[in-house]
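Chemist: pasting the sequence and the predicted coordinates here, then a few questions.
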Amino acid sequence: MGEYLVRCLGCGRVHPPRAIACQNDDSLLRTEYFTKRLTLRDDLPGLWKFYDWLPVKEPLRGSGEKPVTYKSEGLARELGLENLYVSFSGYWPERGAKMTTCSFKDLEAPPTVERMTEREDDQILVVASAGNTARAFAQAASAARLPLVLVVPPTGLDRLWICEKPSDSTCVIVVNGDYTEATDFAGRLAARPRFVGEGGARNVARRDGMGIVMLDGVLSMKALPKHYFQAVGSGTGGIAAWEASLRLIEDGRFGWHLPKLHLAQNSPCAPIYAAWTRSRMETGLCPAGMYDDVLYNRKPPYSVKGGVKEALEETGGEVYGISNQEAGIAQKIFEESEDIDILPAAAVAVAALQKAVRSGAVEKNDLILLNITGGGVSRAKEELDMNLLKCDIKAEPSALSSASTSSYDNDLLTEIDEILERRA
Ligand SMILES: *Cc1c(COP(=O)(O)O)cnc(C)c1O
């Protein structure tokens, strides 16, 4: 039950079950589950029903809602499609969607946190995020009582709401700079002894968690879709959809063709789009002015073995550059035809689907899975109590940048310790 190997896609070597990166090379690791035929665990809650294909020993209680998949009527009619399915990650009680942090980061964080807890090495998890990731990790880490340091720029602070009471084991550091400076600071903190980063796309728990969108979709549709649409920043969800499809093909019940990945980015802050189409983009001001800045990632895992480029090549995929105006129109069409609010990032995927319909890249009867990666924030804010996480420590962007520790750095590390210990 729940047995798997973790293998490097480059050197082929098998790694310990909770490894994050290969010691020999830069390639992604991938899980190989012993169970080839997916059986839903109806005795387990939420996303843990997909336990057979998650790299954990135990489910994490109190965390991990699953997405819902349904056949679209409203949007399908607008676009003239006969077989459009929506995978919805967010808060939409009437449809059974109960992710209170309202995005599909809720699929990544619980398995990642559970896997981290199972390492039993008492490390402190460090997460840098502009919003959705921070909220999902705050929720999952508090369910696991895992110490967590969240690193955000000042502009990210007002997005740090969660529905649970903020956990005592979470420490929020506000880095006095922009998002890039916060991310760089988090990277340096994670490299210090006792701290550890969550690994991003490299962590198989993040990818296999996000892969649930495809698993849940295929179980609902009873077949692999011909097309998969998603808005991407890092592209991790695209890799995850491809990997989940490979497992579903091996399962044998759902068809033999990989779904074509249609990945959407917000122009001009679109490094994956630029790399795939070999075009130049003016990204100097990014992520300022984006339709949704969760879609900006400076260093997506594009060319590495097992990364976004390979996923696109293997699936005959396509990348779309979506303008703010196109995303705005798509958001309105979706919200009016499906009667639920969605996150701006998800509207970028809807715009890509509109483009594909217009260009003939998808046909009327094709089986399509549209990943609505976040939504229902307005619904959740109406119905649920929200708590804002507060800044515990302010840090300068230059902190921790020299190899030798300055007195400023020492004070900062002591302060983090004290906060986490006082609360432990
Ligand atoms: C993170 C995020 C994305 C992009 O996900 P990746 O697959 O990691 O690129 C899309 N939509 C929402 C709402 C997100 O939070």
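Modeler: Arrived safely. Residues are numbered from 1 along each chain as shown.

Chemist: ok, the closest residue to the ligand within the chain to residue 161 distance?
Modeler: With C-beta to the nearest ligand atom, the shortest gap between the chain and the ligand falls at residue 237, namely 2.8 Å. Yep, even glycine has a C-beta here, placed from its N, CA and C like the rest. Going from residue 237 to residue 161 by C-beta to C-beta, to the nearest Å gives 23 Å.

Chemist: more crowded one of the two?
Modeler: residue 237 (29 against 21; other C-beta atoms under 10 Å).

Chemist: domain ranges for this structure?
Modeler: 68-103+206-381, 105-203+385-423 (automatic domain parsing).

Chemist: the last one and the ligand, are they touching?
Modeler: This means domain 105-203+385-423. Yes: in terms of C-beta under 6 Å from any ligand atom, part of domain 105-203+385-423 sits within range of the ligand, namely 105, 132.

Chemist: quick revisit: just name the most buried of the domains of the chain.
Modeler: When the domains of the chain are scored by mean count of other C-beta atoms under 10 Å, the highest mean neighbour count falls to domain 68-103+206-381 (a mean of 21).

Chemist: OK, contacts around the residue positioned nearest the centre of the chain?
Modeler: Closest residue to the average C-alpha location of the chain: residue 105 at 4.2 Å, with C-alpha atoms, centre = their mean. Residues near residue 105 by C-beta atoms under 8 Å, 6 or more residues apart in numbering: 132-133, 135-137.

Chemist: cool, and residue 394?
Modeler: 173-174, 176.

Chemist: can you list the residues you listed in JSON lines and add pLDDT and secondary structure?
Modeler: JSON lines is the format used below for the contacts of residue 394 (pLDDT from 0 to 100; DSSP: H, G, I helix; E, B strand; the rest coil):
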{"residue": "173", "pLDDT": "95", "secondary structure": "strand"}
{"residue": "174", "pLDDT": "94", "secondary structure": "strand"}
{"residue": "176", "pLDDT": "92", "secondary structure": "coil"}
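
Chemist: low-confidence ranges, the protein, go.
Modeler: 1-2, 130, 404, 422-424 (pLDDT under 70).

Chemist: just the helices in it please.
Modeler: Here the chain has its helices, by DSSP state H, at 74-79, 105-118, 132-144, 179-190, 204-210, 212-221, 236-251, 271-277, 308-315, 324-338, 344-359, 377-383, 407-423.

Chemist: between those helices, which one is closest to residue 91.
Modeler: Minimum separation from residue 91 across the helices of the chain (C-beta to C-beta) falls at helix 377-383, 4.0 Å.

Chemist: residues in contact with the closest one: which ones?
Modeler: 90-93, 100, 102, 163, 340-341, 343, 386.

Chemist: so that helix, near the ligand or not?
Modeler: No: using C-beta under 6 Å from any ligand atom, we find that helix 377-383 stays clear of the ligand, coming within 10.1 Å at best.

Chemist: likewise stretch 82-92?
Modeler: No: for stretch 82-92, no contact with the ligand is found by C-beta under 6 Å from any ligand atom; the gap never falls below 7.7 Å.

Chemist: what distance separates that stretch from the centre of its chain?
Modeler: Relative to the centre of its chain, stretch 82-92 is centred 17 Å away, using C-alpha atoms, centre = their mean, to the nearest Å.
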